[in-house]
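**Q** Quick one, fold the following:
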Amino acid sequence: IKTSKAIEVGNIFPLGTMYAEKMGAFSTNAQGQRQPLWLASYGIGPTRVLGTLVEIYNDEKGIIWPESVAPFDVHLINLGSENADTVYEKLEKEGVEVLYDDRDVSAGQKFADADLIGIPVRLVTSVKTGKDLEWKKRNGDKAEILDFDEVLKRLKKV
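**A** Sure thing, here's the model as predicted:
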């Protein structure tokens, strides 16, 4: 016996012949006899898909959304920068979906929440970065300081 983990994403529902009989859905067998069709359905639930993605794509800090299904493209964190609103507006204008964190909480809280939520790219605006942005992939360890044009270029490749 081999045991392993499994995730149920979809279900097969055997419906039998009840619906076929009600709908008048019949076929003829090899002996020429009329018989109701045997029906079944297969279903994939959106909540099961999300649960499956979270179960597969995570680490000890939280979710790591694959870019193809992430609810946002970037998680923009404002750490007291005066140009954060401008960055947000410019990203939105370029069609980038942004989760903008401008809450009045500590940087550590914002970073922990960003990791927990798991948006693929974290961008930080701060006094330290000036007009530039700190870029960090959720599934990476390295943060880089980039100008807005480079950020946009990288986001368009995604």
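
**Q** quick one, strands of the protein?
**A** Ranges of strands in the chain, per DSSP state E, are 10-16, 26-28, 34-36, 39-44, 58-59, 62-63, 74-79, 98-101, 121-126, 133-137, 143-146.

**Q** Adding distance to Ala112 and mean pLDDT, write those strands out as a markdown table.
**A** All C-beta atoms are positioned from the backbone trio N, CA, C, and that covers glycine. Listed next are the strands of the chain as a markdown table, based on distance: least, Cβ to Cβ, whole Å; pLDDT from 0 to 100:
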| stretch | distance to Ala112 | mean pLDDT |
| --- | --- | --- |
| strand 10-16 | 34 | 91 |
| strand 26-28 | 60 | 96 |
| strand 34-36 | 58 | 96 |
| strand 39-44 | 33 | 91 |
| strand 58-59 | 13 | 97 |
| strand 62-63 | 8 | 97 |
| strand 74-79 | 11 | 98 |
| strand 98-101 | 11 | 98 |
| strand 121-126 | 12 | 98 |
| strand 133-137 | 14 | 98 |
| strand 143-146 | 15 | 98 |
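
**Q** Format the ones you listed as a markdown table; extra columns: distance to Thr3 and mean neighbour count.
**A** Below are those laid out as a markdown table (distance: least, Cβ to Cβ, whole Å; neighbours: other Cβ atoms under 10 Å):
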| stretch | distance to Thr3 | mean neighbour count |
| --- | --- | --- |
| strand 10-16 | 22 | 11 |
| strand 26-28 | 41 | 11 |
| strand 34-36 | 40 | 13 |
| strand 39-44 | 25 | 10 |
| strand 58-59 | 22 | 12 |
| strand 62-63 | 26 | 18 |
| strand 74-79 | 38 | 23 |
| strand 98-101 | 39 | 19 |
| strand 121-126 | 38 | 24 |
| strand 133-137 | 34 | 20 |
| strand 143-146 | 40 | 14 |
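
**Q** what about the ones you listed, which gets the closest to Asp113?
**A** Of all the strands of the chain, it is strand 98-101 that lies closest to Asp113, at 7.1 Å by Cβ to Cβ.

**Q** just checking, what packs against the closest one?
**A** Counting contacts by 3 or more Cβ pairs under 8 Å, 6 or more residues apart in numbering; DSSP states H and E, strand 98-101 is packed against strand 74-79, helix 84-93, helix 107-117.

**Q** any idea how far the residue most central in space within the chain lies from Leu99?
**A** Centroid-nearest residue in the chain, with Cα atoms, centre = their mean: Ala70, separated by 2.7 Å. Using Cβ to Cβ, to the nearest Å, we find Ala70 at a distance of 10 Å from Leu99.
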